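Chemist: Got a predicted model here, sequence first, then my questions.
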Amino acid sequence: MNLQFVPIGESEIETAALAELLSGDEWPFHGDRRPSRETVEGWLAAGRFTGSGVRSFWILVAEADATSQARLRLAEVAVGIVTLRDLADPTPVFDLRLRSAYRGRGFGSAAVRWLTDYIFTEFPEIRRIEGHTRRDNLAMQRVLERVRLVWLRHPPAGLAVGRRHARRALITARRVRLQPHPPELVNCA
């Protein structure tokens, strides 16, 4: 699978495409399952996807044209987006959103592998990254295990969102990512 990861800019065209992508699909394991365009525009204005300490990338199939002409259709051709937050923190957090049509096809594993390589190459001072997923999001848990993220024994405070949807935190350290064999997973139940 050959994917491109194109930085999401702050141009009007790109923010409109991002608002279309996020409001045009369902995100069953995120806080707002189907955000309205107005909600997404509020997120964009607040710097949730671009700005200081945040980097977001379009996930495109390599054959997709990432020229300015194609940016008009990004919401149609993008597989999804990946966002890095808290880049000034020693442990930044990532968020992955794949459009429904692309879930379960290996794009999530490819995106998280790219992300870990990118962050440890571009930010040599960062020693580990963190991702969160809900207990009922088994597909994402499998993705994160495949790319060798390790369950935290004691998840950070504030992750629980009720018993039914308590979250699990996973982390990968630079040294873990570079090991030839995956480490054992530690359940944070």
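Modeler: Thanks, I have the structure now.
Chemist: Would you mind identifying the helix or strand in the chain with the lowest mean pLDDT?
Modeler: Ranking every helix and strand in the chain by mean pLDDT, DSSP states H and E puts helix 174-177 at the bottom, with a mean of 50.
Chemist: Residue 145: which element?
Modeler: Taking DSSP states H and E as the definition, one finds residue 145 inside helix 138-146.
Chemist: Give the next helix or strand downstream of the lengthiest helix in the chain.
Modeler: Longest helix in the chain, counting residues (DSSP state H): helix 107-122. Sequence order places strand 128-134 as the next helix or strand after helix 107-122, per DSSP H and E.
Chemist: Mind giving me the packing neighbours of that next one?
Modeler: strand 93-98, helix 107-122, helix 138-146, strand 167-173 (3 or more CB pairs under 8 Å, 6 or more residues apart in numbering; DSSP states H and E). (Glycine included, C-beta is placed from N, CA and C.)
Chemist: and if we set it to 10 Å?
Modeler: Contact partners of strand 128-134 among helices and strands, from 3 or more CB pairs under 10 Å, 6 or more residues apart in numbering; DSSP states H and E: strand 93-98, helix 107-122, helix 138-146, strand 167-173, helix 174-177.
Chemist: Between strand 93-98 and that strand, find me the angle.
Modeler: Between strand 128-134 and strand 93-98, the angle comes out at 50 degrees (axes from the mean of the first three to the mean of the last three CA atoms, to 10 degrees).
Chemist: circling back to that earlier point, what's the model's confidence in the longest helix of the chain, averaged?
Modeler: Averaged across helix 107-122, pLDDT comes to 89.
Chemist: cool, and stretch 34-45?
Modeler: Stretch 34-45 carries an average pLDDT of 92.
Chemist: Could you list the buried residues of it?
Modeler: Of the residues in stretch 34-45, 35, 40-41, 44 count as buried by neighbour count, 16 or more other CB atoms under 10 Å.
Chemist: Over to stretch 85-105?
Modeler: 85, 92-99, 102-103.
Chemist: can you tell me which residues contact residue 104?
Modeler: Neighbouring residues of residue 104 by CB atoms under 10 Å, 6 or more residues apart in numbering: 98, 139.
Chemist: now residue 92
Modeler: Listed by CB under 10 Å, 6+ apart, the contact set of residue 92 reads 53-55, 84-86, 119, 123, 126, 128-130.
Chemist: measure it to residue 35 for me?
Modeler: Separation of residue 92 from residue 35 (CB to CB, to the nearest Å): 23 Å.
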